[in-house]
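Chemist: this one's structure only:
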């Protein structure tokens with residue numbers, strides 16, 4: 001069985017997230033999503049989520065491509081996770097290109113997937129707050 005892992009916050013889940021998860025799952029048989037905890041987001045990433053960790057976890061667990069959701073509590077755990085969960089492939093968005101190549105030394109294939117260009121959680125938040133593209137939201 002080929003095991004794949006990806007990491008993220010997955011707040012305001014959208015079709016770009018689903019596409020990433022679908023493509024990650026296609027690279028193996030079993031997909032693990034390491035979901036950033038609320039504390040990790042707040043303290044390390046300096047970001048606040050609309051949905052709590054438990055709510056985001058529940059949403060991810062309902063997606064057919066996801067086999068297991070685990071908490072991401074710090075940056076360093078990636079190295080431990082790939083061994084603990086017997087990971088073959090590490091997958092993340094290409095905005096992180098090159099940042100996780102060190103995992104290749106752990107015997108893991110590292111894949112950077114292109115993002116869905118027209119959608120992002122940041123853009124959704126801007127649009128909802130009345131950003132320049134908020135015309136899309138008007139009836």
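Modeler: Received, thanks. Only a predicted model underlies this, so the values are computations on that prediction, with no experimental measurement involved.
Chemist: would you map the strands across this structure?
Modeler: 3-8, 30-36, 68-72, 89-93, 109-113 (DSSP state E).
Chemist: which strands border the longest one, and is each parallel or antiparallel?
Modeler: Sheet neighbours of strand 30-36, with direction, are listed as strand 3-8 (parallel), strand 68-72 (parallel) (DSSP bridges).
Chemist: identify the residues contacting that strand?
Modeler: For strand 30-36, the external contacting residues (Cβ atoms under 8 Å, 6 or more residues apart in numbering) are 1-10, 21, 24-25, 45, 53, 56-57, 60, 65-72, 77-78, 81, 85, 87. Backbone N, C-alpha and C define where each C-beta goes, glycine included.
Chemist: related to what we said a few turns ago, let's have the strands of the chain in a markdown table, adding mean neighbour count.
Modeler: Shown next, in a markdown table, are those (neighbours: other Cβ atoms under 10 Å):
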| stretch | mean neighbour count |
| --- | --- |
| strand 3-8 | 22 |
| strand 30-36 | 22 |
| strand 68-72 | 17 |
| strand 89-93 | 21 |
| strand 109-113 | 17 |
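Chemist: will you turn those into TSV that also has distance to residue 103 and mean pLDDT?
Modeler: Shown next, in TSV, are the strands of the chain (distance: least, Cβ to Cβ, whole Å; pLDDT from 0 to 100):
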stretch	distance to residue 103	mean pLDDT
strand 3-8	10	97
strand 30-36	13	98
strand 68-72	14	98
strand 89-93	5	96
strand 109-113	5	97
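Chemist: who does the residue lying closest to residue 85 once chain neighbours are set aside bridge with?
Modeler: Nearest residue to residue 85 in three dimensions, chain neighbours excluded: residue 32, at 5.7 Å (Cβ to Cβ, 6 or more residues apart in numbering). For residue 32, the beta-bridge partners under DSSP bridges are residue 5, residue 68.
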